[in-house]
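Q: what would the 3D arrangement of this be:
(one chain, ligands or ions: 2)
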Amino acid sequence: MASPQGSGAPLEFGGPLGAAALMLLLPATMFHLLLVARSGPARLLGPPPYLPGPEVLWSPQMLLLWFTWLGLQAALYLLPARKVAEGQELKDKSRLRYPINGFQALVLTALLVGLAVSAGLPLGALPEMLLPLAFAATLTAFIFSLLLYLKALVAPASALAPGGNSGNPIYDFFLGRELNPRIWSFDFKYFCELRPGLIGWVLINLALLMQEAELRGSPSLAMWLVNGFQLLYVGDALWHEEAVLTTMDITHDGFGFMLAFGDLAWVPFTYSLQAQFLLHHPQPLGLPMASVICLINAVGYYIFRGANSQKHTFRKNPSDPRVAGLETIPTATGRQLLVSGWWGVVRHPNYLGDLIMALAWSLPCGVSHLLPYFYLLYFTSLLVHREARDEQQCLRKYGLAWHEYCRRVPYRILPYVY
Ligand SMILES: NC(=O)C1=CN([C@@H]2O[C@H](COP(=O)(O)OP(=O)(O)OC[C@H]3O[C@@H](n4cnc5c(N)ncnc54)[C@H](OP(=O)(O)O)[C@@H]3O)[C@@H](O)[C@H]2O)C=CC1
Ligand SMILES: CC(C)CCC[C@@H](C)[C@H]1CC=C2C3=C(CC[C@@]21C)[C@@]1(C)CC[C@H](O)C[C@@H]1CC3
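A: Residues are numbered from 1 along each chain as shown. Ligands and ions are numbered 1, 2, ... in the order given. This is a model prediction of the structure:
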């Protein structure tokens, strides 16, 4: 039986009060955005146009559709994978194995959806179902997190996450108690992290594009850009799926409400906000401006992918010729820290690239409304907070070597600014 551990561990996210507030605030913000995006004034700040009643939110058919989607993604997850990767070493020195078939799931989903659409499935009707679908996803996240919390009560202590075991039920429910909850080889966190939410996000975007084509004869250039940029991002994340195994979500955070809701509901229903906005508020976009925006996205992607791949290659094999010439700092753990290349420019070059892309996703929506910039604002605060959490973890791991790295590379995300 698991016992509360790490009572002295520092609490994150403002402790139990912060966790309780976030559990209300995140779903409320998601529903607010969904309602506001379709309203005429589309005001980010201000009351929603109306408060939906239970008859708008609750629909057994939408719940069934949502479970069909989860079931389809689970079935694709279980298909034979091109590769099986090993995760980071766990407390008990073992390593879990993960199927690398996320990109395959994306391609197969695209094929199945293509077949269904050509057989008459009205994908363009999906935008009208976003509210009850988001409600079904939120309900699922709450119930799923509760089951995960109960499952952790009978998990061995070695299976618990470093952070979500304070003994306070609200805090632990939010952060998640068990690090890698599994039934047989089915890893719930790994599955949720990149499949139903990310693939669902681009499917919602596609449905919005099709709905726009139905309404206006053809999709707008702005809609094409938003769809293209975000498909590139999701495709890239799934192509480099193995990289998720070294993120703090997998190696440090337990699987609780934060990630369950974030992965299943927040990502598909709020990350598609720009496309939702464009469906209801068409924006003129000329070719010169579109070219500038494409360039911004390409610069962001170049930095994001370059930085993530450089670290991944280095962590897998420091003698790889692509990274062997880079300058490093040794640490007491035996691992080294890169201090030249992308990781010598700022301490989180990948966040910088991600933020530049976030800007490129909002610009096609023009500058008349703040709403499409919500993602950029939210993402900046998420990455600033994530950077601070990572900094604390690295300080604990690397001690003096981390201080030396901070001295050599003084800026965190934006050179000479932050
Ligand atoms: N769209 C979205 O909603 C989100 C996107 N992301 C993106 O996901 C990607 C991964 O992000 P995330 O998991 O937060 O963190 P990182 O990929 O930045 O990983 C941080 C870890 O990298 C290692 N590291 C740090 N500095 C160095 C160095 N100089 N040399 C070698 N290793 C170093 C450390 O781990 P160790 O030493 O143990 O290897 C550290 O804990 C990012 O591109 C981010 O933008 C993240 C969150 C949300
Ligand atoms: C808790 C929040 C409210 C929402 C968090 C959502 C996130 C867990 C995911 C949204 C997009 C993600 C991406 C990745 C992991 C999952 C999250 C963070 C990757 C970092 C995985 C590694 C790849 O190389 C890039 C991915 C980008 C998107």
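Q: buried ones in whichever strand or helix holds residue 66?
A: Residue 66 is part of helix 60-78, with elements assigned from DSSP states H and E. For helix 60-78, the buried set under the neighbour-count rule, 16 or more other CB atoms under 10 Å, comprises 62-63, 65-66, 69-70, 72-73, 76-77. The C-beta positions use only the backbone N, C-alpha and C, and glycine is treated the same way.
Q: can you lay out the residues you listed as JSON lines showing pLDDT and distance to residue 147?
A: JSON lines is the format used below for the buried residues of helix 60-78 (pLDDT from 0 to 100; distance: CB to CB, whole Å):
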{"residue": "62", "pLDDT": "96", "distance to residue 147": "21"}
{"residue": "63", "pLDDT": "97", "distance to residue 147": "17"}
{"residue": "65", "pLDDT": "97", "distance to residue 147": "21"}
{"residue": "66", "pLDDT": "97", "distance to residue 147": "16"}
{"residue": "69", "pLDDT": "98", "distance to residue 147": "19"}
{"residue": "70", "pLDDT": "98", "distance to residue 147": "14"}
{"residue": "72", "pLDDT": "98", "distance to residue 147": "21"}
{"residue": "73", "pLDDT": "98", "distance to residue 147": "18"}
{"residue": "76", "pLDDT": "97", "distance to residue 147": "22"}
{"residue": "77", "pLDDT": "97", "distance to residue 147": "18"}
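Q: okay, the residues you listed in CSV with distance to ligand 2 next?
A: Shown next, in CSV, are the buried residues of helix 60-78 (distance: CB to the nearest ligand atom, whole Å):
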residue, distance to ligand 2
62, 22
63, 22
65, 22
66, 18
69, 17
70, 17
72, 20
73, 15
76, 18
77, 15
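Q: give me phi/psi at residue 79?
A: phi -70, psi 160 (degrees, to the nearest 10).
Q: re earlier: from the contact counts, what lies against the helix holding residue 66?
A: Here helix 60-78 touches helix 102-118, helix 130-153, strand 186-187, helix 188-194, helix 196-216, going by 3 or more CB pairs under 8 Å, 6 or more residues apart in numbering; DSSP states H and E.
Q: wait, does stretch 347-362 contact ligand 2?
A: No - using CB under 6 Å from any ligand atom, stretch 347-362 stays clear of ligand 2, coming no nearer than 7.5 Å.
Q: per-residue confidence for the residue of the stretch 201-350 of the chain found nearest ligand 2?
A: Going by CB to the nearest ligand atom, ligand 2 is nearest to residue 262 of the stretch 201-350 of the chain, at 2.9 Å. Among the per-residue scores, residue 262 holds a pLDDT of 97.
Q: next one: it from residue 312, what distance?
A: Separation of residue 262 from residue 312 (CB to CB, to the nearest Å) stands at 23 Å.
Q: can you pick out the residue with more neighbours from these two?
A: Taking neighbours as other CB atoms under 10 Å, residue 262 and residue 312 compare with residue 262 leading, 18 against 15.
Q: you'd agree the more buried one is in a helix?
A: Yes - with DSSP: H, G, I helix; E, B strand; the rest coil as the criterion, residue 262 is located in a helix.
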